[in-house]
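Colleague: Give the three-dimensional model of this entry:
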Amino acid sequence: MVTVKPIGQYWEQQAEHFLMQHGLEPIARNFSSPCGEIDLIMRDAEHVAFIEARYRLSDRFGGTIHSVTATKQSKLKRCAALLVSRQKAWSHHPCRFDVIAYDAPNGDGEPVWVRAALN
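Modeller: Sure thing, here's the model as predicted:
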């Protein structure tokens, strides 16, 4: 049986590769803190992009892009604030929260990338 973590890591790697092809530069992967985890942190020109990578096998409970709940959004924001407070080099850059979502049941679909997905 395949565990959830390796599946998540696979889709995070796919997202990172996709975003790098679109000019983003990696800063960190899987930044973890007591308030949660940020899948990818990348630089997009002057912005620091905090990226949530999502995959769903089925849209039975709604599309992947809509699976980032208010609770998850709150955790992402707290975690990003912690990172910026620890890494002063990034504190002077505008930040945004992106979601990159894969909906394909067989895993070969193009991602949906929503820039500035969170307020």
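Colleague: gap between the residue nearest the centre of the chain and residue 13?
Modeller: When C-alpha atoms, centre = their mean is applied to the chain, the residue found nearest the centroid is residue 52 (1.8 Å). Separation of residue 52 from residue 13 (C-beta to C-beta, to the nearest Å): 15 Å. C-betas here are computed from N, CA, C, even on glycine.
Colleague: coming back round to it: following the helix or strand hosting the residue nearest to the centre of the chain, which helix or strand comes up?
Modeller: Using DSSP states H and E, residue 52 falls within strand 47-55. Going down the chain from strand 47-55, the next helix or strand is helix 70-86, by DSSP H and E.
Colleague: any idea which helix or strand comes after that next one?
Modeller: Helix 70-86 is succeeded, C-terminally, by strand 95-102 (DSSP H and E).
Colleague: That next one versus helix 70-86: what angle between them?
Modeller: Inter-element angle recorded for strand 95-102 and helix 70-86: 130 degrees (by axes from the mean of the first three to the mean of the last three C-alpha atoms, to 10 degrees).
Colleague: Render the CA-only coordinates of strand 95-102 in CSV, please.
Modeller: Presented in CSV, the C-alpha positions along strand 95-102 are these (Å, rounded to 0.1, in the frame of the first residue of the first chain):
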residue,chain,number,x,y,z
CYS,A,95,4.6,37.9,-0.5
ARG,A,96,1.7,36.0,-2.1
PHE,A,97,0.1,32.6,-1.6
ASP,A,98,-0.4,30.4,-4.7
VAL,A,99,-2.1,27.1,-5.1
ILE,A,100,-1.2,24.6,-7.7
ALA,A,101,-3.7,21.8,-8.1
TYR,A,102,-3.7,18.5,-10.0
